[in-house]
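**Student:** here is a sequence together with a model predicted from it:
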Amino acid sequence: MVQYPLSDVDDDPSRIMDPVSWQVAEATLAGPLARAAMALGRLDGALTALDASRLRPGAIARLAMRETEAILWTAGTPLSAEILGRDVMDARADSDPDALRAGRWALRRLQGRGRLDDLRDFLGLHRLDASGTTALLPLRATGDAFDAAATEFDMAMAAAAGLHPLTRAAFGELALRLSDLTPEGDMVEPACWAARTMACDCVAAVFAPIGRSRRKVRVAGGAPGQRLSAWYDAIAEGADAARTELARLTAWQDHARRRVARIKGDNPLRIVAVLAASPQMTTAMVEAEAGISRDTAERLLVRLAGMGLVRETTGATRFRVWTAAL
């Protein structure tokens, strides 16, 4: 049986995970819930309007990188999106290896890796029987203990099936944090699970971003009503901020196209297109994606940087990484 420690809640632990309490709080906060759902719907619509073959996946990757940065910052392992992006591309990045591992995991989940209906698959775990292990205690339940905890979690989520997806995600995130399914004190795994769960009814959005407003969620505690009030506000703010980021990306692409139209040939337009479709790219990646030579890619990237359209993120002269200067 999962035990909910009093230190983590400001209410009776038998009530804090009672779905009925969450239903009552949800009904009381119908207005904030509607605003949060509308904000997420507008973001989903903006993503749906993007080209599904290139620009939309790149936009989702860009938002996932920013969301991962916010999650890691809230978890106390700050890591910038640019450093994380360089690490993913195997470019040089000096940072906390544990934070990098957590960041890579979060990025993959926020972009769709792992099944929400199978916690072992979502968490990327192999079944491990830890019986007889005495040297080190496992960070989370393993083997039969994990399966038992997962079954209990599934039962709790089934009991909460009548909640709105945004509410159910908050309920499930708390249940994960208080269970043995994730390492004690870990915030990254429950946050990613909740972000994916909130987007379960979306057309194009893979996750619901909270971004910098995640701090509101982190400090909120107490009864379900107190938690949900902060949760809904954070969703609305995060979704609006993400939609603003998409608008900035579209505006940058239109502006860059007009500026590079003065340059002879269509190679500059190709570079603008590939940088709009990816958060960060090495020179070699630009070369391959744009279908141009390495010399041409290097020359034009430097020129576009001089025009203020692109930015180099490493400060190095070799193995450089480029991004749109939004």
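**Tutor:** All right, it came through fine.
**Student:** so the residue of the chain most remote from its centre: helix, strand or coil?
**Tutor:** The centre of the chain is farthest from one residue, residue 264, which by CA atoms, centre = their mean lies 39.3 Å away. Put simply, residue 264 is coil when judged by DSSP: H, G, I helix; E, B strand; the rest coil.
**Student:** list the contacts of it.
**Tutor:** Listed by CB atoms under 8 Å, 6 or more residues apart in numbering, the contact set of residue 264 is empty. For the C-beta atoms, the positions are set from N, CA and C on the backbone; glycine is no exception.
**Student:** give me the number of residues near residue 53?
**Tutor:** Residues lying near residue 53 (other CB atoms under 10 Å) number 8.
**Student:** go on, residue 244?
**Tutor:** Residue 244: 12 neighbours (other CB under 10 Å).
**Student:** and for residue 116?
**Tutor:** Using other CB under 10 Å, residue 116 has 15 neighbouring residues.
**Student:** just the pLDDT at it, thanks.
**Tutor:** The model reports residue 116 with a pLDDT of 93.
**Student:** that one sits in which helix or strand?
**Tutor:** Element membership for residue 116 (DSSP states H and E) is empty, with no helix or strand holding it.
**Student:** tell me how far it lies from residue 83.
**Tutor:** 28 Å (CB to CB, to the nearest Å).
**Student:** please apply the same query to residue 125.
**Tutor:** 26 Å.
**Student:** so what's the residue count around the residue nearest to residue 122 when sequence neighbours are not counted?
**Tutor:** Spatially, and ignoring its direct neighbours in sequence, residue 122 is nearest to residue 114 (3.7 Å; CB to CB, 6 or more residues apart in numbering). Other residues near residue 114 come to 17 when the count uses other CB under 10 Å.
**Student:** re the thing from before, who has more neighbours, residue 125 and residue 83?
**Tutor:** Ranked by neighbour count (other CB under 10 Å), residue 125 and residue 83 place residue 83 first, with 22 against 13.
**Student:** surely that one is within a helix?
**Tutor:** Yes. If the criterion is three-state DSSP, then residue 83 is within a helix.
**Student:** isn't the residue nearest to residue 122 right up against residue 121?
**Tutor:** Yes. Proximity of residue 114 to residue 121 meets the contact threshold set by CB atoms under 8 Å, at 5.5 Å.
**Student:** ok but residue 139 is inside a strand, no?
**Tutor:** No. According to three-state DSSP, residue 139 belongs to no strand; its state is coil.
**Student:** check contacts around the residue nearest to it when sequence neighbours are not counted.
**Tutor:** Of all residues not flanking residue 139 in the chain, residue 183 sits nearest, at 4.0 Å (CB to CB, 6+ apart). Shown in contact with residue 183 (CB under 8 Å, 6+ apart): 139-140, 189.
**Student:** quick one: which of the residues you listed is the most crowded by neighbours?
**Tutor:** That'd be residue 189 among the contacts of residue 183, by other CB under 10 Å, with 24 neighbours.
**Student:** now that one. Nearest residue, chain neighbours left out?
**Tutor:** Looking at residue 189 with CB to CB, 6+ apart, the closest residue is residue 182, at 4.6 Å.
**Student:** could you check how many residues crowd around that neighbour?
**Tutor:** The tally of other residues near residue 182 (other CB under 10 Å) stands at 21.
**Student:** and it, what pLDDT?
**Tutor:** 92.
**Student:** hmm, residue 28 is touching residue 226, no?
**Tutor:** No. Applying CB under 8 Å as the test, residue 28 and residue 226 come out as separate, 11.0 Å apart.
**Student:** how far is stretch 162-173 from where the chain is centred?
**Tutor:** How far stretch 162-173 lies from its chain's middle: 17 Å, per CA atoms, centre = their mean, to the nearest Å.
**Student:** how about that stretch: buried residues?
**Tutor:** 163-164, 166-173 (16 or more other CB atoms under 10 Å).
**Student:** equivalent analysis for stretch 268-287, please.
**Tutor:** The neighbour-count check on stretch 268-287 (16+ other CB under 10 Å) flags 268, 270-283, 285-287 as buried.
**Student:** would you mind splitting this protein into its domains for me?
**Tutor:** As given by automatic domain parsing, the domain ranges for the chain are 6-244, 261-324.
**Student:** chain neighbours aside, what residue packs nearest to residue 281?
**Tutor:** Per CB to CB, 6+ apart, closest to residue 281 is residue 322, 5.5 Å.
**Student:** ok, that neighbour - contacts?
**Tutor:** Counting by CB under 8 Å, 6+ apart, residue 322 has contacts 275, 280-283, 286, 301, 305, 310-313.
**Student:** same deal with residue 37?
**Tutor:** For residue 37, the contact set (CB under 8 Å, 6+ apart) comprises 164, 166.
**Student:** tell me which two in the buried residues of stretch 162-173 are the farthest apart.
**Tutor:** Using CB to CB, the pair of the buried residues of stretch 162-173 lying farthest apart is 164 and 173, separated by 14.3 Å.
**Student:** can you name the next helix or strand after the helix or strand hosting residue 191?
**Tutor:** Assigning secondary structure by DSSP H and E places residue 191 in helix 188-198. Counting by DSSP H and E, the next helix or strand C-terminal to helix 188-198 is helix 214-219.
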